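S.K.: When you get a sec, could you give me coordinates for this:
(2 chains)
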Amino acid sequence: MNDATPNPKIIEPTIFELSSPGRKGVSMPASDVPEQPMPEKSLLRDDLPLPELAEVDVVRHYMRLSKFNYGVDDGFYPLGSCTMKYNPKINEDTCRLYGYLYTHPLQPIETVQGNLALMYELQEWLKEISGFAAVTLQPAAGAHGEFTGVLIMHAYHKSRKDAKRTKMLIPDAAHGTNPASVGMLGMTIQQIPSDARGNVDLAALKAACDETVVGMMLTNPNTLGLFDENIEQVVKIVHDCGGLMYGDGANLNALLGIVKPGDLGFDIMHFNLHKTFSVPHGGGGPGSGPVGVNSALAEFLPTPLVGMLESGNDDKPPLYGFIEPKKSIGRMKAFHGHFGGGLVRAYTYIAMHGADGLKDIAQYAVLNANYLLARLRATYHVPYDRICMHEFVAEGQFAGSDVRALDIAKRLMDYNFHPPTNYFPLIVHEALMIEPTETENKNTLDAFADALIKIADEAKSQPDLLHDAPKTTRFGRMDEVKAARELVLCCWLPEDYGD
Amino acid sequence: MTFIPISPTERDAMLSTIGVKHLDELFDSIPKKHRFPKLDLPPALAEMEASALLSDIAQANENVHEHLISFLGAGAYNHYIPSVVDHILRRGEFYTAYTPYQPEISQGTLQSIFEYQSLMTNLTGMEVSNASHYDGATAAAEAVNLAYAQFRGKRTKLIVSPTVHPQYRAVIRTYTEGMDLQVAGDDPNTNLEAGPEGLSGLLDQNTMLVMVQYPDFFGRIFDFSKLIDAAHKSGALVCVVANPTALILLKTPGEMGADIVVGEAQPFGIPLWYGGPYLGYFTTKKSFVHKMAGRLVGETVDSHGQRAYVLTLTAREQHIKRERATSNICTNQGLLALAAAVYMSSLGKIGLQEVADLCYQKAHYAADQLSKLKGYELCFDQPFFHEFALCCPKPVSEINAHLLEHGILGGYDLSNDYPTLKDRMLIAVTEMNTKEDIDALVEMLAEA
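M.R.: Predicted structure coming up:
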């Protein structure tokens, strides 16, 4: 036990603590069928130890909890690599239209032609945006898309009876999901260093490329926010040794209408509809992670895909349905992907932007990042300092000071900003990874830059302000050691409940 | 329509601070021959136009709210969602936040996930729950990952009941491609009539996990206690894939001794949404918590001595453990875990019992009425919850075509996945089906 806090102060009771025996919430209609015999008692549970609350109790509880949160709707959220852009409100309405909300995934295709047409068209749009030949909408999130991609790479080599390929090349700046996705297939990983300009080190890449390479997983722009200046050479080196080129699409926001990853020679890429195409992040999901592939890999995609079964004419619309790729890796999840919460929102967003609108997104995302970089580089050391794409990584440390990136992040909360990503990528000391997105105005960016500059000054003059931050938020810093040591992972109704 | 809040004047001022003249100059590192491709996309729509377009597309569907009476389940269920659920979900503080990496300003998400974990463990009779998986199928696949990691790859046999949802079994096959597993029991042509005892004979010292479904894919209720005992005797773990609505009424898998209980929590406040996003729940015993994938919220205190919550045991996860992590999961189903928690708390114990009771009562009324029809009978005589297999006198596809003409979405055609189960329809009945709906189904089948 933590001796300092034997009785922590409860700011908001849990729903279990708010419960009162016999209190009723939302009720159901009375049964309209004759009473049926129940199964024998040994098959039934004795007790249902769940909360009993009235509707108003529930609403007020969650309203209070919501006020302890900070979302994009509250303010600037420059969480690098997560693309926390504004989520248009219209998406929230379109994804709840009855036709989407109340269709069952196993309905006959004739009754869901709207859904299938939307999915088909979204596949086509994503192909056009990315330069790939085929797209699956099935994966549930970015990491799920990565796993799909790695399975496809594995299946491709296996189909060519090229069993010796077991090594995946992954740059040192990669997201942790990349090696984890590879680990799920038992492949080995060779880490490729970055060079002084933040590009893939070509000499190291060449040395690593041999007949055992499955492929390379590359985020481009990479997690330093830099577009690899040698990308075509990187792709060629990997292809020359028979490897496939996987693109981690986490940073696609910087490339819309700027370049198609397929044109650069990438063979596979996942999209993050919850980053690039404004599906809200939901406090940690659901996301949506479609995967695009070149024509040689299309037959390996997860089953099923949406296809046009019969083309239409003036008198009748096309008939959409499901098709099974010939050498499919199988199913990645039940049913057809994150349709309602993911695909409908992304479709709405792309429909409202068109080609020029998408290009604007990338251009202004890059403009905003470079503007912040220009305002901050005199104060914060930026180790790979050149024109960045949609984000950049600064060092959150100062010579002669014990202030760390974490302290700067926490102090930013006192200025009403969500902190950037810290301690990632691993190749920058005390990393602060800043991604403003295109949906922030100049005033916000200026206020954020001013705050960071002021914090740098505080770090020298009053470092305790940072060590003790945040001061102005409802909750202060957490005792993470206590959480991990005591492992209180769930709560129950009070012991004297109902006595 | 754009959502970019920057005027041309502001843009030019920013470009000047950066030290370039034009936006295009920011993209010099992109290979010139591929730079600025022309995208062939439809012209941009105003919000009003987008709203109309999406509405038109939605109206090209027949939905189970306005057009069809549904008896279709098979892993996705049409339940009533109290209004309060979506009102909470629409709070921008919840849905526009991300994974709670900064606990000082994420206590709303963290406490609600902690409560979700607590609700799920109390429901399943288990000790710990993670913060969610993508869906029931991937949660089941992650249970296999856990078992594989638990035995460090030294046990390689997986026993899966053929009456686990066919799509879940398919996902498990995909997920375990790299594991060199021996999968047993997973044959859609055998042992369908009998209960779980048939699986006991497959147990051996190489078995890492036995997976069963509760109620099974045909809706049947079995007590797995004996099977679980037998599995434990051979050192294997047992995972039960359970429907959460059924657990309101039925003996918990925890009480039967299950090691892992996973499933699809879509019935708890998540719309059908044509199959997703849904909510995979994952609960287990505390002894397996270090092998469990996914986010986990634990209780702690903050610097003011206030009770608070944080993501804990993060060292298990991919961003620290990288290729040695059990799973690569990062983004999960946070908002839908919130939906399930609000659903469970707003109905509360009594409301949830009403839902489960209505499902049970109506399904049994339907089964009773349907089995009186000439040529129709229940395929199995075991107890069931809200779904049952009906043996029909002709192909299900023919019957369903007739039903659809009369506005009824018939049950699932079991011959899709089980070649020996010709002319058998899996019918789901929930609180959404009135007696009138059920009587209409009976009447239509009588004339089909």
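
S.K.: tally of neighbours for residue 194?
M.R.: No chain in the question, so chain A it is. The criterion is other C-beta atoms under 10 Å in any protein chain shown. On that basis, A:Ser194 has 21 neighbouring residues. (Glycine included, C-beta is placed from N, CA and C.)

S.K.: you looked at the wrong chain, it should be chain B
M.R.: Each residue near B:Ala194 was counted by other C-beta under 10 Å, and the total is 13.

S.K.: Would you agree it falls within a helix?
M.R.: No. B:Ala194 sits outside any helix when classified using DSSP: H, G, I helix; E, B strand; the rest coil, being coil.

S.K.: Nearest spatial neighbour of A:Gly340, chain-adjacent residues omitted?
M.R.: Setting aside the residues directly before and after it, A:Gly340 is nearest to B:Trp273 in space (C-beta to C-beta, 6 or more residues apart in numbering or on different chains), at 3.0 Å.

S.K.: For that neighbour, give me phi and psi.
M.R.: B:Trp273 has phi and psi values of phi 50, psi 30 when expressed as degrees, to the nearest 10.

S.K.: Report the contact partners of it.
M.R.: Contact partners of B:Trp273, counting by C-beta atoms under 8 Å, 6 or more residues apart in numbering or on different chains, are A:100-101, A:103, A:339-341.

S.K.: B:Ala337: which of those residues is nearest?
M.R.: Distance to B:Ala337 across those (C-beta to C-beta) is lowest for A:Gly341, with 13.1 Å.

S.K.: Spatially, which residue comes closest to the closest one, not counting chain neighbours?
M.R.: Of all residues not flanking A:Gly341 in the chain, B:Pro277 sits nearest, at 4.4 Å (C-beta to C-beta, 6+ apart).

S.K.: where does chain B have its least confident helix or strand?
M.R.: The helix or strand of chain B with the lowest confidence, counting by mean pLDDT, DSSP states H and E, is helix B:318-321 at a mean of 76.

S.K.: Run through the neighbouring helices and strands of that helix.
M.R.: With contacts defined as 3 or more C-beta pairs under 8 Å, 6 or more residues apart in numbering or on different chains; DSSP states H and E, the packing partners of helix B:318-321 are helix A:177-183.

S.K.: Quick one: mean pLDDT for the helix it packs on?
M.R.: Confidence for helix A:177-183, expressed as mean pLDDT, is 90.

S.K.: Look up phi and psi at the spatially closest residue to A:Leu319 that is not a sequence neighbour.
M.R.: With C-beta to C-beta, 6+ apart as the measure, A:Glu310 is the residue that lies nearest to A:Leu319, at 4.1 Å, once sequence neighbours are left out. Per-residue torsions, A:Glu310: phi -140, psi 130 (degrees, to the nearest 10).

S.K.: Equivalent analysis for A:Lys89, please.
M.R.: The main-chain torsion angles of A:Lys89 are listed as degrees, to the nearest 10 and equal phi -70, psi -30.

S.K.: what about it, neighbour count?
M.R.: By other C-beta under 10 Å, the burial measure for A:Lys89, its neighbour count, is 11.

S.K.: The stretch of helix or strand A:Ile170 belongs to vs chain B: in contact?
M.R.: In this structure, A:Ile170 sits in strand A:167-171 according to DSSP states H and E. No. Contact between strand A:167-171 and chain B, assessed by C-beta under 8 Å from any C-beta of the partner chain, is absent, since the two come no nearer than 8.7 Å.

S.K.: Repeat that for stretch A:237-257.
M.R.: Yes. In terms of C-beta under 8 Å from any C-beta, part of stretch A:237-257 sits within range of chain B, namely A:Gly257.

S.K.: picking up where we left off before, which neighbours does the strand holding A:Ile170 have in its sheet, and in what orientation?
M.R.: strand A:188-192 (parallel), strand A:213-219 (parallel) (DSSP bridges).

S.K.: that older thread, I'd say the residue nearest to A:Leu319 and A:Pro318 touch.
M.R.: Yes. Between A:Glu310 and A:Pro318 there is a contact under C-beta atoms under 8 Å: 6.1 Å.
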